[in-house]
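*Asks:* for reference, the sequence and a predicted model appear below.
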Amino acid sequence: SITGQDIGEEKTEAFKVRVRLDLDSFRAQAGINYAFDEDGVRPIKMLYENNCEPGARGEFGPGTDQYYCGNLFEPSFAAYDPTVLGDDGVDRQTWFYTLNMEWDLPGGYTIVSNTGMRDTGTGTLADVNNGVRADGTLNDPSLDSMRPAFISAGPGTGVLIPTFGPFPAPPGEFIGIGVSFFDREDWSQELKIVSPVDDIFRWELGSYYYYFDEDFVRDIGPLGNTGDDFNIRTWAIFGLAEYDFTEQFTASLELRYQDEVKSRTNLSPALSGNPAAFGTFEASFEEVLGRLILEYDVNENINIYGSVARANKPGGVNNETSRNIAALNPDQSIGLFQEELAWNYEIGIKSQWFDDRLGANVAVFFSDIEDIQLTESIDTALCGGVFGIQPCAPGAFIDNKDAAEILGVEVELFANPIEGWDFNVNYAF
């Protein structure tokens, strides 16, 4: 820090408990994990000069808070004043519960249940204006001419007027101390029935449910609070069938139907200069996914395989800044992004020799991707060119593009010539 005080320390207290029950036809294991992180202030220093395109990304003005271009330098101190924040930084408390159960049924069938639940609360205190003193001067006066400062245009207006140079605003007008809170809860439940594993035809059938809720609140001083409520709800049914045509040739088919809804609700519409950008944004996705695998054992040392899979990367709702920009421009889709879909193909060979002391694996894969998701930055011009209005802060968002193709190869060589010595060589293109 500017006073020479060490910062960035981390402290964690944790415990876990496991209880297991094992009967003739029933097995269960329950677990509780707890962790409490008590970390100091994060060692952060702003880099004021940037040779990227001005305004490409910056919440506090052109040339700040951007993707950085050029050589990074090592600062002599973090612009943090311990007389303002003390030693508080990040406090995080996490509870994690699990319950796994298995019932053996007549005929070799098994019912499996897997349950998980997690509750995390996080509080963060940060010197977001990087060490502005109470009188409005910088901890590093040599940077006065480069640091953008903001003063409020009026209580409750949500308007910040940018100024450059020494800070002219009176104490209390700066958004200098950032206080944020995350409260995350999620739980999942999987229930399936599995056929006997020794049959030539093996199968399983199951269902899955997942729920996630995150409340985020940021205290931005005299302007009040801002934040989001983010939710994910997913349910699916899935099945697997595997058949041994011969002792050497096996085929398996996996199918999954999935329905997912994501929503994000703004928690501070009063601070917005553009109410149309707020409210609840919701995106839903429904898809059938699957994979077919063929395997052939040439002999006890060599296995060749091929697979075809339909996969997805879920879509969602962009952050608050992106939705603000979406509401101010004809392309309303910026607020949401669609799921990314792909057909994946792979063929390969696996081999092991000399009692598994020498091996080689080679795989060739190809992916044909639709609606690929890419992160883009938004120039200030797309935000109306008004820096003073908070909803117009430029930023980054996720968008879907047309398509992409990936072709690659992976090679793995491994050897265990002497007990205790392992050699591995991996190559990927």
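*Replies:* Yes, it's here. Fair warning: this is a prediction, and the values are worked out from it, not measured in the lab.

*Asks:* count the neighbours of residue 369 for me.
*Replies:* The local packing of residue 369 (other C-beta atoms under 10 Å) involves 19 other residues. All C-beta spots, glycine's among them, are computed from the backbone N, C-alpha and C.

*Asks:* what's the answer for residue 18, then?
*Replies:* Residues near residue 18, counting by other C-beta under 10 Å, number 10.

*Asks:* with residue 286 instead?
*Replies:* Other residues within reach of residue 286, judged by other C-beta under 10 Å, total 10.

*Asks:* distance of the spatially closest residue to residue 363 that is not a sequence neighbour relative to residue 110?
*Replies:* Of all residues not flanking residue 363 in the chain, residue 348 sits nearest, at 3.5 Å (C-beta to C-beta, 6 or more residues apart in numbering). Distance of residue 348 to residue 110, computed by C-beta to C-beta, to the nearest Å: 31 Å.

*Asks:* also residue 191?
*Replies:* With distances taken as C-beta to C-beta, residue 191 is found 12 Å from residue 110.

*Asks:* I'd like the distance between the residue nearest to residue 363 and residue 90.
*Replies:* Distance from residue 348 to residue 90, by C-beta to C-beta: 44 Å.

*Asks:* returning to that earlier point: give the bridge partners for the residue nearest to residue 363, please.
*Replies:* With beta bridges defined as DSSP bridges, residue 348 has these partners: residue 305, residue 363.

*Asks:* for the one 10 residues further on, same thing?
*Replies:* Listed by DSSP bridges, the beta-bridge partners for residue 358 are residue 353, residue 415.

*Asks:* burial count for it?
*Replies:* 16.

*Asks:* now do residue 284
*Replies:* 11.

*Asks:* same check on residue 262?
*Replies:* Residue 262 has 20 nearby residues by other C-beta under 10 Å.

*Asks:* can you pull the pLDDT of it?
*Replies:* Residue 262 is assigned 91 on the pLDDT scale.

*Asks:* quick check: it vs residue 314, distance?
*Replies:* 7 Å.

*Asks:* one more: residue 293?
*Replies:* For residue 293, the distance to residue 314 - C-beta to C-beta - is 23 Å.

*Asks:* ok, back up a step: thinking the residue nearest to residue 363 is in contact with residue 362, fair?
*Replies:* Yes - counting by C-beta atoms under 8 Å, residue 348 touches residue 362, with 5.9 Å between them.

*Asks:* which positions within stretch 303-322 qualify as buried?
*Replies:* Using 16 or more other C-beta atoms under 10 Å as the test for burial, stretch 303-322 gives 303, 305, 307, 309-312, 314-318, 320-322.

*Asks:* quick one: contacts of stretch 8-23?
*Replies:* When contacts are defined by C-beta atoms under 8 Å, 6 or more residues apart in numbering, stretch 8-23 is touched by residues 27-43.

*Asks:* ok, stretch 251-264 next?
*Replies:* By C-beta under 8 Å, 6+ apart, stretch 251-264 touches 228-243, 245, 280-295, 312, 314-317.

*Asks:* just the buried residues out of these, in PyMOL syntax.
*Replies:* In PyMOL, this line selects whichever of the contacts of stretch 251-264 come out buried by 16+ other C-beta under 10 Å:
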select buried, resi 228+229+230+231+232+234+236+238+240+242+281+283+285+287+289+290+291+293+295+312+314+315+316+317
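
*Asks:* tell me which of the contacts of stretch 251-264 fall in strands.
*Replies:* Among the contacts of stretch 251-264, the ones falling in strands (DSSP state E) are 228-243, 280-295, 312, 316-317.

*Asks:* tell me what the nearest residue to residue 218 once chain neighbours are set aside is bridged to.
*Replies:* The shortest distance from residue 218 to any non-neighbouring residue, by C-beta to C-beta, 6+ apart, is to residue 180 (4.4 Å). Residue 180 has these beta-bridge partners by DSSP bridges: residue 124, residue 218.

*Asks:* now do residue 180 against residue 349, distance only.
*Replies:* Counting by C-beta to C-beta - residue 180 and residue 349 are separated by 51 Å.

*Asks:* so between the two, which is more surrounded?
*Replies:* Ranked by neighbour count (other C-beta under 10 Å), residue 180 and residue 349 place residue 180 first, with 19 against 14.

*Asks:* wait, residue 208 sits on residue 187?
*Replies:* No - contact criterion C-beta under 8 Å: residue 208 and residue 187 do not qualify, at 11.9 Å.

*Asks:* is residue 19 in a bridge, and if so with what?
*Replies:* The partner residues for residue 19, given DSSP bridges, come to residue 30.

*Asks:* quick one: contacts for the closest residue in space to residue 298 that isn't next to it in sequence?
*Replies:* The shortest distance from residue 298 to any non-neighbouring residue, by C-beta to C-beta, 6+ apart, is to residue 304 (6.4 Å). Shown here is residue 304, whose contacts under the criterion C-beta under 8 Å, 6+ apart are 295, 296, 298, 347, 348, 349, 350.

*Asks:* run through the stretch 1-150 of the chain and note the low-pLDDT ranges.
*Replies:* Judged by pLDDT under 70, the stretch 1-150 of the chain has its weakly predicted residues at 1-5, 43-88, 126-150.

*Asks:* then the stretch 201-350 of the chain?
*Replies:* Across the stretch 201-350 of the chain, the ranges flagged by pLDDT under 70 are 219-226, 267-279, 319-334.

*Asks:* please repeat the previous calculation with a cut-off of 90.
*Replies:* Within the stretch 201-350 of the chain, the ranges that satisfy pLDDT under 90 run 215-230, 263-284, 300, 314-338.

*Asks:* residue 409 touches residue 361, doesn't it?
*Replies:* No - using C-beta under 8 Å, residue 409 makes no contact with residue 361, being 11.3 Å away.

*Asks:* tell me what the residue nearest to residue 187 when sequence neighbours are not counted is bridged to.
*Replies:* If the residues on either side of it in the chain are set aside, residue 187 comes closest to residue 117, at 4.0 Å by C-beta to C-beta, 6+ apart. Listed beta-bridge partners, residue 117: residue 97, residue 187 (assigned using DSSP bridges).

*Asks:* make 31 the first number, not 1, from now on.
*Replies:* Understood, numbering begins at 31; the last thing we discussed is residue 147.

*Asks:* residues in contact with residue 147?
*Replies:* Applying C-beta under 8 Å, 6+ apart to residue 147 gives the contacts 126, 127, 128, 215, 216, 217, 218.

*Asks:* ok, and the closest non-adjacent residue to the fifth one?
*Replies:* Closest residue in space to residue 216, ignoring its immediate chain neighbours: residue 242 at 4.1 Å, by C-beta to C-beta, 6+ apart.
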